[in-house]
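**Student:** Sharing a sequence plus its predicted fold:
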2 protein chains.
Amino acid sequence: MDTPSQLALRRVAIDTYHENVVYLNRECATYRAEGFQALSKVEVRAEGRKILATLNVVDDDNIVGCGELGLSEDAFAQLAVESGHKATVSQAEPPESMGALFRKIDGERLSKDDFTSIVHDIAQHHYSKIELTAFMIATNRGGMDREEVFFLADAMVACGRRLDWHSPLVVDKHCIGGIPGNRTSMLVVPIVAAHGMLCPKTSSRAITSPAGTADTMAVLANVELSFDKLSEIVREHHGCLAWGGTANLSPADDVLISVERPLSLDSPAQMVASILSKKISAGSTHLVLDIPIGPTAKVRSMPDAQRLRQLFEYVATRMNLSLDVVITDGRQPIGFGVGPVLEARDVMRVLENDPRAPIDLRQKSLRLAGRLIECNPDIRGGDGFAIARDILDSGRALASMNAIIKAQGARPFNHNQPQLGALTFEVLAVTSGVVIGIDNLHIARIARLAGAPKVECAGVDLMHKLGDVVRAGDVLYRVHAEFHADLDFARQFSNKLSGYTIGDAKNLPHVFVEF
Amino acid sequence: MDTPSQLALRRVAIDTYHENVVYLNRECATYRAEGFQALSKVEVRAEGRKILATLNVVDDDNIVGCGELGLSEDAFAQLAVESGHKATVSQAEPPESMGALFRKIDGERLSKDDFTSIVHDIAQHHYSKIELTAFMIATNRGGMDREEVFFLADAMVACGRRLDWHSPLVVDKHCIGGIPGNRTSMLVVPIVAAHGMLCPKTSSRAITSPAGTADTMAVLANVELSFDKLSEIVREHHGCLAWGGTANLSPADDVLISVERPLSLDSPAQMVASILSKKISAGSTHLVLDIPIGPTAKVRSMPDAQRLRQLFEYVATRMNLSLDVVITDGRQPIGFGVGPVLEARDVMRVLENDPRAPIDLRQKSLRLAGRLIECNPDIRGGDGFAIARDILDSGRALASMNAIIKAQGARPFNHNQPQLGALTFEVLAVTSGVVIGIDNLHIARIARLAGAPKVECAGVDLMHKLGDVVRAGDVLYRVHAEFHADLDFARQFSNKLSGYTIGDAKNLPHVFVEF
């Protein structure tokens, strides 16, 4: 028997975004002999290590020569073997969980072992983009019952790191997303930390929104912390506001996001598994979950919100997480600013008790913080809000935030003079009346077109909110950008539709929620 | 307003298999300014032309420099503008049909216009691999009713070329696949052509099987014909056996195959739309369709076969195609050889009336040809088989085949001395008894591991078929390969399981089919 021919490893500096890709020259003897086809799954072995990857065939010796085996950035990092080392490539056996995936595609119910096997393969980058998408679509709406969602979430926790804070009370809050400017975490964390609760908050960067908590916090401080640094900060200050990407918490979730994002998928089952797996991996024992409802929110009716709440509760209970779901007003953006710098300005004004602070952001944050404070069994039910308000009004929340910012590594920021994108345009009311609608999706899209979150000084600054009386010609919002092309994209889009509806006060939509 | 910055087009010789990929340097000002992310959908414009593509970010100036815009082979071919020309790249609006795709993912029924829009976007390469997969999975089992299947098939015809042979009777035959060695087309075409019927057969190459008709025909003749050449051959000889890939028939189907293949998807709805759209685009008026059933065939029970037959019939009727479905015996491979050269040998032996010709291949081909001949209203029902047999026995089918081979461009081939792969091993019966099972999937897999269809001389030569009495030590089949690595893969796989079951004659599985 021949040994498979040896090729020299070569790093090909192409970012294939969470997919391992191997590049082989079409004239390479191995390629011809093995009967590979483009997009075949192959196995690469070197120095006792192995990875699975998708094959791309190359006709250019400058990218990869005949005796070479090219690896994309992701594949190179995962194999973790130096360039030039000898490697072999062969047809890969399909990932072990392929049978389970096909059963799910065919509509069957899967077992706990099936999910364990699938999630393991996903976290190990054994799935191609095509296989990942097949899994996501097959488990989309109606594709999983609630116990399967638990199996999935549990498997996602099991395949990554799980933090242990050695405390019976580790609190967190989370929002399902979809509401621009909804930066309550940056207020809730310093408030509950000032109250002495452990709140090691790790957040994601924006996936489809104009800013995630990590993007906005990054305006004020370094958010990319090693786990040791993060632990040290939490021990000293009880809280942190860090980016969760470095901690290897629920790594399968990070891989799945690579196909969720381009498809803008957000099914209840996947949302529940994703959020709860991250929280449990991060060591939380108590979670307050914010589900906003409104005409342009992710959840648009109370029956949908209740169904989603119950799915969260079922899975959280199976995973021994104490969960308090709050259904909130999601009819419009929270605060004034949408985009990292603008949102950081709003957050700091609330902390500073500045008169220009957005009242809705303050009130919502206090209520969520109050609920978290009531996770402490020593607190009387209903007292949380007043405790949170005292912490904020007294300046203790600001002190707590400043300590966290300093510990993470402060960046210069002054909420009186936020460095906003210098290119601007304003969108005016075309008639007089009452603001009866602000489209969350539309405002988010304009902020993204203007450059947020990548360009942190870009975004949308809202001058009026629901219920405000405006006259024709009043400024509804101002758009900030750094680059002309971005400004033009945002302008073209807002010219088509402003995102604001002006009408009669009696047509103001109502939602019946706690807050 | 700024004009978008201009970049120089550069062909990046990477075969991304039916997906347009754009490579931008991470340091490129356009990349930074536009807020692109890896896997973003972008629009490239040059010389008044435009394409959509998926973005890969590159950190190597040798692949693509800062002032350059790299295009994968597919993207470069589709844009069809020379290297070095100025091009612009911008965030792409999502393809128009994205709304319809999301509704299908959510389980809704789509309209004719929705399918037209989706199929148009697919054929124009506006979908990424992720979006294509989402469409395939969302329309998989149960995801489409029969009228939607018609909408899909009809849209697939509409977006490509449609041939017109100016004849009221253009016949074709097709098998849904899954049975190794089932090369009846190469016998049916010369028989019905000799009878004077128009049979312009275009076939695919193997997708997941060890040989497609185009692969086997390629052993005997050139199969890559221009449309003009193909027309000329059909006019003169009434038939051809060509590869269908060059004719732009149902181009969306060719794109969808790029995700079907890695997932081995084969849902009834997609199968019906794919096959019927190709046949109608090729100008067929009458089709005989072969649905084999058996324990290891694609269709494993008569109720499944009947359901599939009815779906084919419903859609064919809506598309004005006269369809005759035949449910056949799919318990084992047809003929002896599996792999291009081995199958070509079997076919030529049937045509030559050689005593070594496989009787099952001969009988099945005569029956299918007989059914096609009966599409001629002048033929009395039931007479087709005898007419086909006379054409074959008299040598007229051989003459017709030889004429077609010569017209397409003959390759040297002698069925008495087929050039088989020189590396071989034999698999022997371990006990005595009757052959009561031959696993189609297993035999196909061994032939593919041995190198077929890419290595045309590779494959499996069966020495015994169902019902044969064998003694321990008898050769069940011989495997041929050209490369040692292939032979070893095939041997390892067949060592695990031979694919043959030997037992008692009373356990021979029966199927109750016409033939």
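**Tutor:** Nice, I can see it.

**Student:** Going by C-alpha atoms from here, please, whenever you check contacts or count neighbours.
**Tutor:** Will do.

**Student:** what's the residue most central in space within chain A in contact with, if anything?
**Tutor:** Centroid-nearest residue in chain A: A:Ser204, 4.0 Å away (criterion: Cα atoms, centre = their mean). For A:Ser204, the contact set (Cα atoms under 8 Å, 6 or more residues apart in numbering or on different chains) comprises A:Gly212, A:Thr213, A:Ala214, A:Trp243, A:Gly244, A:Gly245.

**Student:** Excluding chain neighbours, give the residue nearest to the fifth one in space.
**Tutor:** Read that as A:Gly244. A:Thr202 (4.6 Å; Cα to Cα, 6 or more residues apart in numbering or on different chains).

**Student:** In which helix or strand does the one you found reside?
**Tutor:** Assigning secondary structure by DSSP states H and E places A:Thr202 in strand A:199-203.

**Student:** Which residues does that strand contact?
**Tutor:** Residues from elsewhere that reach strand A:199-203, judged by Cα under 8 Å, 6+ apart: A:170-172, A:189, A:192-193, A:212-214, A:234, A:238-244, A:282.

**Student:** That strand: how far from the chain's middle?
**Tutor:** Centroid displacement of strand A:199-203 relative to its chain, using Cα atoms, centre = their mean, to the nearest Å, is 13 Å.

**Student:** and it, which strands flank it?
**Tutor:** According to DSSP bridges, strand A:199-203 has the following sheet partners: strand A:239-243 (parallel).

**Student:** Can you name the next helix or strand after the strand it pairs with?
**Tutor:** Next helix or strand after strand A:239-243 toward the C-terminus (DSSP H and E): helix A:251-263.

**Student:** Which secondary structure elements does that following helix sit against?
**Tutor:** Contacts defined by 3 or more Cα pairs under 8 Å, 6 or more residues apart in numbering or on different chains; DSSP states H and E place helix A:251-263 against helix A:112-123, helix A:129-138, helix A:146-158, helix B:129-138.

**Student:** cutoff 6 Å now
**Tutor:** helix A:112-123 (3 or more Cα pairs under 6 Å, 6 or more residues apart in numbering or on different chains; DSSP states H and E).

**Student:** Just the closest of the contacts of A:Ser204 to A:Val299, please.
**Tutor:** Distance to A:Val299 across these (Cα to Cα) is lowest for A:Gly212, with 18.7 Å.

**Student:** That closest one - how many residues pack around it?
**Tutor:** 24 (other Cα atoms under 10 Å in any protein chain shown).

**Student:** which residues sit in contact with it?
**Tutor:** For A:Gly212, the contacting residues are A:Arg205, A:Ala206, by Cα atoms under 6 Å, 6 or more residues apart in numbering or on different chains.

**Student:** Tell me how far it lies from B:Ala316.
**Tutor:** Noted for A:Gly212: a distance of 52 Å to B:Ala316, by Cα to Cα, to the nearest Å.

**Student:** Neighbours of A:Pro168, how many?
**Tutor:** A:Pro168 has 10 nearby residues by other Cα under 10 Å.

**Student:** Do you know the pLDDT at it?
**Tutor:** We have a pLDDT of 93 for A:Pro168.

**Student:** do the same with A:Asp2
**Tutor:** Looking at A:Asp2, its pLDDT stands at 42.

**Student:** burial measure for A:Phe102, as a count.
**Tutor:** A:Phe102 has 18 neighbours, counted by other Cα under 10 Å.

**Student:** mind checking pLDDT for it?
**Tutor:** In this prediction, A:Phe102 carries a pLDDT score of 92.

**Student:** Same question for the one 10 residues further on.
**Tutor:** In the prediction, the pLDDT value recorded for A:Lys112 is 97.

**Student:** who touches A:Gln78 in this structure?
**Tutor:** Here A:Gln78 is in contact with no residue (Cα under 6 Å, 6+ apart).

**Student:** Where is the longest strand in chain A?
**Tutor:** strand A:49-58 (DSSP state E).

**Student:** Report the angle between it and helix A:129-138.
**Tutor:** Counting by axes from the mean of the first three to the mean of the last three Cα atoms, to 10 degrees, strand A:49-58 lies at 100 degrees to helix A:129-138.

**Student:** Between helix A:112-123 and strand A:49-58, find me the angle.
**Tutor:** 60 degrees.

**Student:** From the chain's centroid, how far away is strand A:49-58?
**Tutor:** On the basis of Cα atoms, centre = their mean, strand A:49-58 is displaced by 28 Å from the centre of the chain it belongs to.

**Student:** returning to what we had before: what's the distance between the residue nearest to the centre of chain A and B:Met197?
**Tutor:** As judged by Cα to Cα, A:Ser204 and B:Met197 stand 66 Å apart.

**Student:** for A:Lys406, same thing?
**Tutor:** 85 Å.

**Student:** try A:Phe151
**Tutor:** Counting by Cα to Cα - A:Phe151 and B:Met197 are separated by 59 Å.

**Student:** And the residue nearest to the centre of chain A, what's its pLDDT?
**Tutor:** 83.

**Student:** What are the phi and psi values at it?
**Tutor:** Dihedral pair for A:Ser204: phi -90, psi 160, per degrees, to the nearest 10.

**Student:** ok so, going back, okay, who's weakest in the contacts of A:Ser204 by pLDDT?
**Tutor:** The member of the contacts of A:Ser204 with the lowest pLDDT is A:Gly245, at 77.

**Student:** Need the nearest residue in space to it, chain neighbours excluded.
**Tutor:** Distances taken as Cα to Cα, 6+ apart put A:Ser204 closest to A:Gly245, at 6.9 Å, once the chain neighbours are dropped.

**Student:** Distance of the one you found relative to A:Lys173?
**Tutor:** To A:Lys173, A:Ser204 is 13 Å away according to Cα to Cα.

**Student:** got it, and A:Pro453?
**Tutor:** From A:Pro453 to A:Lys173 the distance is 22 Å (Cα to Cα).

**Student:** And A:His166, by the same measure?
**Tutor:** Counting by Cα to Cα, the gap from A:His166 to A:Lys173 is 19 Å.

**Student:** When those two are compared, which one has more neighbours?
**Tutor:** Neighbours around A:His166 and A:Lys173, counted as other Cα under 10 Å, are more numerous at A:Lys173. The numbers are 24 against 8.

**Student:** Which strand or helix spans that one?
**Tutor:** strand A:171-175.

**Student:** For the very next helix or strand once past that strand, which residues meet the burial criterion?
**Tutor:** Following strand A:171-175 in sequence order, the next helix or strand is helix A:185-194 (DSSP H and E). Neighbour-count burial for helix A:185-194, counted by 16 or more other Cα atoms under 10 Å in any protein chain shown, picks out A:Ser185, A:Met186, A:Leu187, A:Val188, A:Val189, A:Pro190, A:Ile191, A:Val192, A:Ala193, A:Ala194.
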